[in-house]
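Undergrad: All I have is the shape, not the residue letters:
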């Protein structure tokens, strides 16, 4: 039985970007800040030319969003985390006749005891919009470095 996704109560912000020519094209945001070539990585048969790819963009977005979710949870719990670094590893591979993604999210929170850092990491995974969007759809693992 599939679950109906939660509806947003209101839109706080809407990002707008366009892509032309898929993995051999260009991406642009409506404000012009993001404007770069998209090229397949060598591992997927690409030339290795300068540019980004959808997996890198997803990894960057997820890592940034997760870091913000962790900061929010820490603030609500009145915990001073010190520096936090999030690294997202996004992998692509076959799933039957299609393709799918997997994510490994790695947190570095060196100034907190591991048990407290782990608790924040798990709480952030519950509130992060990317985690909520991917939950039940792709394999996401979270861990401390």
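TA: Okay, I see it. The model shown is predicted, which means the values in this text are computed figures rather than measured ones. Residues are numbered from 1 along each chain as shown.
Undergrad: how about residue 26, what does it touch?
TA: 19, 20, 35, 36, 37, 38 (C-beta atoms under 8 Å, 6 or more residues apart in numbering). C-beta coordinates here come from the backbone N, C-alpha and C atoms, glycine included.
Undergrad: tell me which of the residues you listed is nearest to residue 131?
TA: Of all the contacts of residue 26, residue 131 sits closest to residue 19, with 23.9 Å by C-beta to C-beta.
Undergrad: how many other residues sit next to that closest one?
TA: Counted with other C-beta atoms under 10 Å, the neighbours of residue 19 add up to 13.
Undergrad: Give me the spatial nearest neighbour of it, chain neighbours excluded.
TA: residue 27 (4.9 Å; C-beta to C-beta, 6 or more residues apart in numbering).
Undergrad: Likewise for residue 87?
TA: Excluding its sequence neighbours, the residue lying closest to residue 87 (C-beta to C-beta, 6+ apart) is residue 106, at 4.6 Å.
Undergrad: quick revisit: looking at the contacts of residue 26, which one is closest to residue 78?
TA: Within these, the smallest distance to residue 78 is 39.7 Å, found for residue 36 (C-beta to C-beta).
Undergrad: picking that back up, isn't there a strand covering the residue nearest to residue 87?
TA: Yes. Residue 106 sits within a strand when classified using DSSP: H, G, I helix; E, B strand; the rest coil.
Undergrad: which ones are touching it?
TA: The contact partners of residue 106, taken as C-beta under 8 Å, 6+ apart, are 86, 87, 88, 89, 142, 143, 144, 145.
Undergrad: Looking at the contacts of residue 26, which is nearest residue 48?
TA: residue 37 (12.4 Å).
Undergrad: same for the helix or strand encompassing the closest one, what does it pack against?
TA: Assigned by DSSP states H and E, residue 37 falls within strand 35-37. If you count contacts as 3 or more C-beta pairs under 8 Å, 6 or more residues apart in numbering; DSSP states H and E, strand 35-37 packs onto strand 26-29.
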